[in-house]
Every structure is written in C-alpha cells, then in structure tokens.
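Asker: Next comes the sequence, and after it the predicted model I'd like to discuss.
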Amino acid sequence: MNSDRAKVQAELDSVEAELKVVELQLAELLKKQARLTSNRKQLLRRLEKPCDSTQPSGSGPAMTKQELLRYEKDDFPWSTELKQSLKDVFQLSKFRPLQLKAINLSMSGKDLFLVMPTGRGKSLCYQLPAVCSEGFTLVVTPLVSLIEDQLMYLKSIDVEAVSLNASSSKEHAKMVLAEITDTKVPFKLLYVTPEKIVKSKLLMSRLEKAYSAGRLSRIAVDEVHCCSQWGHDFKPDYKLLEILKRQFPKVPLLGLTATATSSVLKDCQKILCVPEPITLTASFNRTNLYYEVRFKDSNSDDSISDISALIKERYKDQSGIVYVFSQKDAETVSADLQKNGVKVSPYHANMNPEDKSQVHRKWATNKIQVVVATVAFGMGIDKADVRFVIHHTISKSIENYYQESGRAGRDDKPADCIVYFGFNDIFRISAMVAMEKVGQQKLLTMVDYCQNVDRCRRSVIAVHFEEAWDDGGCNKMCDVCRHGNDYITVDITQHAKDVVQIVELAGSLDEKLTPLKVTEAWMGKGPAKRRKMIQTTTLSRLEVEAIITSLLLQGYLGEDFSFTPYTTYFYLKLGGKAPLLKNQAHSITMKMRRTGLDANTVKVSQVKTKEGKRSGDKAANSPVTKKIKKDL
Ligand SMILES: Nc1ncnc2c1ncn2[C@H]1C[C@H](O)[C@@H](COP(=O)(O)OP(=O)(O)OP(=O)(O)O)O1
Ligand SMILES: [Mg+2]
Ligand SMILES: [Zn+2]
C-alpha cells in the first residue's frame, strides 16, 4: 500500500515538474507574442507615416496630424518677432528640427512635452517664447549649476533673467520676490529649483499674484523625467510639482527632456496633472556619433593603456570625457592616465565646489584635454567640440549611457562613444543599484547593448526609446555595422546545464556563490570535492564570462543580494527559466563575434579599404568561438 502511495507521489511530482516547465514555456510564448505585437504596431505606424523621424510621436487627442502641421508655419501673429529675435537676440540663423513647431505650440497656449536628444537646443524652446511674450516665464530646473550656466549665457546676450534657489542670498531673494509682482516685471525668465516651489510659500503667493495679473506667461519644467521613478534621475521634489497646474491652470506648461520613454512621459503627465499634453519627439539618432564596445579582460585589464593610447594618438589635441564608476576610480584612473602623459583632471561629487568649477573651466577652455569623471559631471555640460566620450565602466542604464555619451559631438562633427565592457563591472553596478526599483532591469538593458554582436548599436538604442528603426539610419557608424556578419550563433545548452548545476549544488549545500566564484568553479579552480561533483570546462575566461552574462540576460540565472551595514554582496542564483533546462528538447543559443585568424584577416582587410584608420579596432579581443565549437 505504502509503496503504491510512494509511486503515485513520485508520478505526481513528475507531472507537477512538467507542468511547471509547460507554464514557463507558455510564459515565454506570451512574451514573444507581446514582442511581436508591439513590433507589428510599430511597423504599421511606419507604413502610415513614412520617413519623417521628427514627427510627433503622439499628440493630445484634440489635435490631428494635419492640425499639427500648421505649427511648422510662420504666419502666426508672433512669427515676425520670433524670427527677428532668433537672429538679433540669440544670434542664430535658423531653427533646428522641431524647435519652431514646439515654440509655436507653446506660444498658442498648448501644454507640451518636448523630447529631444541632449544638446539639440531644448532651452531655446522656452527662452525665445519668453523674450517674445509679455510677462515672464517660470523655469524649473533641478540643479543650481544648470541655472548658473543659463543665467550666464542669457546675460551675455542681454536677456534679463533671475533665479531663486537655496544658495540665493536673503537680499537677492527679497528683491526678486518683490519684482515678481511689479506691474512691469524687470525680467523675462525666473529660474527656480523644484525645492523652492515646493518649500517657499512666499514664492507661491507672489506667483499667484502675478498669475492673477496675467503676467505669468509660461512654465517650463526642464529635465521633466525627474518626476518619474521610472525615469533615470528621479528627484523627489519633482513629484510635488502638481501644484503648478493646480494653481496656474491657464498657463501653458512645457516639459523638456532628453530621455523619456512613453511610459515615463505618461507618469510625468499624471504627476504634473497635465491632462492632454501634445508630445513632440525628435529622433534619437545622433548620426555623427560612432558607437563602439570593447571588452575588458578580467585576467589582464589593459583598458588604461588602451585608453591612454587612444587619447594620445587618435584623439591627439582633442577634447573628451572618460566616465568612471566611482569617486575612487575617478582619482585612480585620472592618476594612471596622467602617468601615461595625458593632461587630465578628476571630477566627482566629493570635490569642493571651487575645485569642480575650476576643472570644468579648464576643460571648457582646453587647458586640460580630458576630464575623468563620475556621473556628477553631467547635466548642463555643453561643450561643442567634445570628440570622444569613453566609458571606463558601463553606465547603469541605456538612458544614462545615451545621455552621457551624448555629450560628444554637439557641433554635429564626427565624434566617438566607446564603452569598455567588463564582466566584474556588471556586478559592481548591480550591487549599487540593488535598492532601486527597476535598477537591475535597466542595468541589464545596458549589458545587452554591450554583449550584443548582431544588431546595430543605434537600433538597440532606438528600440529602447521606442523609436521605429530604419536600417539605413546608421551608415556604418557603429562597430557592429562595420564588422558586418562577423559573428556566429552557438548552442550553449550544455554549458547552461553545467553552470546551473554548479549554482544548484551550492544552493543544496547552503552556500552562495558570487559570479567570480561560479566562474572559477566552472573553470575547475574550486575545492577538489566540488570539482568531482560538477562538470568543469576548458573554455577561456572571457568565454565563460560571456556565457554567464548571457544566461543572466536570458533569465536562466538571476541575482541575489545580501546586505551588510557597509556593503552589498552580489550572488548568482537560479533564474526563473532554469527549470526549462530539464526539458530535453529545450535549447539555448547565443551570438558571439567570430575572431579566429581567418575571420580576423577578412575583417581587417574589409575595414582597411572602407574605413582607413579604424582597422586597428580592438573587437578582436572579444570571446573566441573556435574552442566553443570544439567543446560542444
Ligand atoms: N537653432 C539653433 N542653431 C544653432 N545652435 C543652436 C540652435 N538651438 C540651440 N543651439 C545650441 C545652443 C547650445 O549651445 C546648444 C545646446 O542647446 P541646449 O538648449 O543647452 O540643449 P538641450 O537643453 O537640448 O540639451 P540637454 O539635454 O543637455 O540639456 O545648441
Ligand atoms: Mg537642457
Ligand atoms: Zn550600426
């Protein structure tokens, strides 16, 4: 009887395990269906609206496409003055894409979200209307340094602008607050930090008076993505800015950002209580930027000597930024580059304000060639001739990467954006963003960008920002497009089983393994007892790391954190898809760059004839695939 029960129980366990696998497969198929549906939607949209990437991506239901076209014209009552001020005040000869449309919409009193890549000229879209309108424009900006930059610029072109922020002196604040309610306001733009709006009742009451008198002509919320936790730079005070529309419902609001997906924008719209804004989205494609990823070797990280050589040779006498992970890295990488004879200075949040602005100034005036910076060297960096942005460590998300690398080539001349992609860096960043709501998910999008060998880097960025991608949009301005079909697809099912077995075994022994430990265990470096119980590999370190990364990206492995008061540890655990490996028919593949001798010869000659100087690109140190084939 008992043995009967045991048999039934065993069968039940097996059925349940199989059911679990079927459920996972269903989930996979549903995900695939969602992906395909969204793809279909994008393609249909493209058929509907050919080729114009600066078309609005969506607009308030009150406005048809035809109606929107009207705002590109220059027959509005204010058009002559706009044109005149563009030339006389701002000393610019013509509008860049979307600027005129955005300005006309805002001048017509519409609420507007403007999404435009960094450095394309969003500020003009509220500065010019401010100059051409009665009263003044309220500009909400997250950082005092950004406000200072703008004030300095506006002063240089004789536009009256003032600011109120935490570092304003009492007298200055008193004067500005009094001027807000003047019948003849002596300034065109009032810059404030969100914190001021939220905390200063006095400011609010003055603004209310100006509003009632019809002198608050427009509100601009710069870096509007800071409202949303899903944006890459959430700032809690922004969340309270709903007060603007509540108190000043009739004033048109203009939200500006360089990076926001439609879900982030929807969130911002809700938070700011803007019922039906028109959204204008400029293309994310910065055609003059060359995108490249280089692999960092964990065995012998030669990224510093590589970067030094690049700066001294390819970028001789040219201006650039090297982004690093931490303040400590900023100091050490800067010192290392200096030792190699490069003129650099570090920049990070922990330096005192004078030192920071000194570094910024010296760099802006070309006294130093390179700033080795953390992300603190960020918003508002507006040097036109930055020829290269090198990431010594990957960014924490594609949004961050796009914004940081976007500081290159603002003068529209060619510039390079290079990332050094190292296995261990993934987990350093992962631990740092462990507390962020969607930190891991976003980090993995960046890892996917780097690990990718078969999709144009631009297309990965475009898809991320939900922009319909056209394959002609790169023009070989990324390493993937230059290397063409220089990759192969390899089956890593057995490798996946081996790695999963290592993690499983550790779990059964109540042990947690860091990625480094898993790597070493698989390469046969762990304790002899374990070695006997697992399948080790003869693959190289880079290949092992590439496979583990791929398993993490594909969900066969997952992250497990452990917190101490001082640090966060990252361990690998089984991912949601690991049970699928129990199914004999299940297979996993990954794409790897081909780097054998013959492939290399082909690549070099190909690159040489077409691209000249760039033939030395170091794609060659990406994972070797020959051995994998042998291993399988
Ligand atoms: N129509 C134009 N013609 C030529 N230059 C322009 C034009 N409009 C703006 N610019 C210049 C002025 C600035 O030096 C530069 C960047 O403008 P800015 O408004 O600071 O960018 P942005 O706000 O879109 O970037 P970010 O996202 O970094 O804040 O472009
Ligand atoms: Mg800006
Ligand atoms: Zn490309």
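Answerer: Arrived safely, thanks for sending. Ligands and ions are numbered 1, 2, ... in the order given.
Asker: Secondary structure element holding residue 20?
Answerer: helix 2-48 (DSSP states H and E).
Asker: Beyond that helix, next helix or strand please.
Answerer: Defined by DSSP H and E, the subsequent element after helix 2-48 is helix 65-69.
Asker: Pull out the buried residues from that next one.
Answerer: Of the residues in helix 65-69, those with enough neighbours to count as buried (16 or more other C-beta atoms under 10 Å) are residue 68. Yep, even glycine has a C-beta here, placed from its N, CA and C like the rest.
Asker: and if you look at stretch 330-340?
Answerer: So stretch 330-340, judged by 16+ other C-beta under 10 Å, has buried residues 330-331, 333-334, 336-338.
Asker: What residues does the stretch 451-600 of the chain have near ligand 3?
Answerer: 456, 458, 474, 478, 481 (C-beta under 5 Å from the ion).
Asker: can I assume the fourth one is in contact with residue 291?
Answerer: Yes - checked against C-beta atoms under 8 Å, the pair residue 478 and residue 291 is within contact range at 4.2 Å.
Asker: Mutual contacts of the two, please.
Answerer: 457-458 (C-beta atoms under 8 Å, 6 or more residues apart in numbering).
Asker: Name the helix or strand of the protein that has the lowest mean pLDDT.
Answerer: Ranked by mean pLDDT, DSSP states H and E, the helix or strand of the chain with the weakest confidence is helix 597-611, at a mean of 30.
Asker: per-domain residue ranges of this structure.
Answerer: The chain breaks down by the TED database into domains covering 1-41, 71-281, 289-484, 489-593.
Asker: Might you calculate how far the longest one sits from the centre of the chain?
Answerer: Yep, that's domain 71-281 we're talking about. 24 Å (C-alpha atoms, centre = their mean, to the nearest Å).
Asker: got it, and the third one?
Answerer: Computed by C-alpha atoms, centre = their mean, the separation of domain 289-484 from the middle of its chain amounts to 11 Å.
Asker: Can you pull the residues of the chain lying near ligand 1?
Answerer: 92, 95-96, 99, 116, 118-124, 258, 382 (C-beta under 6 Å from any ligand atom).
Asker: I only care about the residues you listed that end up buried; give me the PyMOL line for that.
Answerer: Restricted to buried positions by 16+ other C-beta under 10 Å, the PyMOL selection for the residues of the chain next to ligand 1 reads:
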select buried, resi 95+96+99+116+118+119+120+121+122+123+124+258+382
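Asker: Arrange the residues of the chain next to ligand 1 in a markdown table, one row each, with pLDDT as further columns.
Answerer: Shown next, in a markdown table, are the residues of the chain next to ligand 1 (pLDDT from 0 to 100):
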| residue | pLDDT |
| --- | --- |
| 92 | 93 |
| 95 | 93 |
| 96 | 88 |
| 99 | 96 |
| 116 | 90 |
| 118 | 79 |
| 119 | 78 |
| 120 | 84 |
| 121 | 91 |
| 122 | 95 |
| 123 | 96 |
| 124 | 97 |
| 258 | 85 |
| 382 | 78 |
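Asker: how about JSON lines for the residues of the chain next to ligand 1, with secondary structure and distance to residue 534 added?
Answerer: Output for the residues of the chain next to ligand 1, formatted as JSON lines (DSSP: H, G, I helix; E, B strand; the rest coil; distance: C-beta to C-beta, whole Å):
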{"residue": "92", "secondary structure": "coil", "distance to residue 534": "65"}
{"residue": "95", "secondary structure": "coil", "distance to residue 534": "64"}
{"residue": "96", "secondary structure": "coil", "distance to residue 534": "58"}
{"residue": "99", "secondary structure": "helix", "distance to residue 534": "61"}
{"residue": "116", "secondary structure": "coil", "distance to residue 534": "52"}
{"residue": "118", "secondary structure": "coil", "distance to residue 534": "48"}
{"residue": "119", "secondary structure": "coil", "distance to residue 534": "51"}
{"residue": "120", "secondary structure": "coil", "distance to residue 534": "53"}
{"residue": "121", "secondary structure": "coil", "distance to residue 534": "57"}
{"residue": "122", "secondary structure": "coil", "distance to residue 534": "55"}
{"residue": "123", "secondary structure": "coil", "distance to residue 534": "58"}
{"residue": "124", "secondary structure": "helix", "distance to residue 534": "61"}
{"residue": "258", "secondary structure": "coil", "distance to residue 534": "47"}
{"residue": "382", "secondary structure": "coil", "distance to residue 534": "54"}
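Asker: Go ahead and confirm residue 544 touches residue 522.
Answerer: Yes - counting by C-beta under 8 Å, residue 522 is a contact partner of residue 544 at 5.9 Å.
Asker: And for the closest residue to ligand 3 within the stretch 151-300 of the chain, the neighbour number?
Answerer: The nearest approach of the stretch 151-300 of the chain to ligand 3 comes at residue 291, 7.1 Å away (C-beta to the ion). Neighbours of residue 291 under the rule other C-beta atoms under 10 Å: 23.
Asker: and if you look at residue 306?
Answerer: Around residue 306 there are 17 residues (other C-beta under 10 Å).
Asker: what's the helix or strand for it?
Answerer: Residue 306 belongs to helix 303-312, assigned by DSSP H and E.
Asker: Residues contacting that helix from elsewhere in the structure, which ones?
Answerer: With C-beta under 8 Å, 6+ apart, helix 303-312 has contacts from 294, 296, 320, 322, 333, 336-337, 340-342, 369-370, 388, 390, 392, 418, 420, 422, 618.
Asker: rerun that using 7 Å as the cut-off
Answerer: 296, 320, 322, 333, 336-337, 340-342, 369-370, 390, 392, 420, 618 (C-beta atoms under 7 Å, 6 or more residues apart in numbering).
Asker: Spell out the secondary structure type for the nearest residue to residue 384 once chain neighbours are set aside.
Answerer: Leaving aside its sequence neighbours, residue 384 sits nearest to residue 411 (C-beta to C-beta, 6 or more residues apart in numbering; 4.1 Å). Judged by DSSP: H, G, I helix; E, B strand; the rest coil, the three-state class of residue 411 is coil.
Asker: about what we covered before: among the residues of the stretch 451-600 of the chain next to ligand 3, which ones are buried?
Answerer: For those, buried by 16+ other C-beta under 10 Å: 456, 458, 474, 478, 481.
Asker: Show the model's pLDDT score for residue 232.
Answerer: Residue 232 carries a pLDDT score of 69 in this model.
Asker: Nearest to ligand 1: which residue in the stretch 251-400 of the chain?
Answerer: residue 258 (3.8 Å; C-beta to the nearest ligand atom).
Asker: which one is residue 151 nearest to, not counting chain neighbours?
Answerer: Residue 151 sits nearest to residue 161 (C-beta to C-beta, 6+ apart), 5.5 Å away.
Asker: out of everything not next to it in sequence, what's closest to the residue in the chain positioned nearest to ligand 1?
Answerer: The nearest approach of the chain to ligand 1 comes at residue 121, 2.7 Å away (C-beta to the nearest ligand atom). Nearest in space to residue 121, with sequence neighbours left out and distances taken as C-beta to C-beta, 6+ apart, is residue 96 at 5.1 Å.
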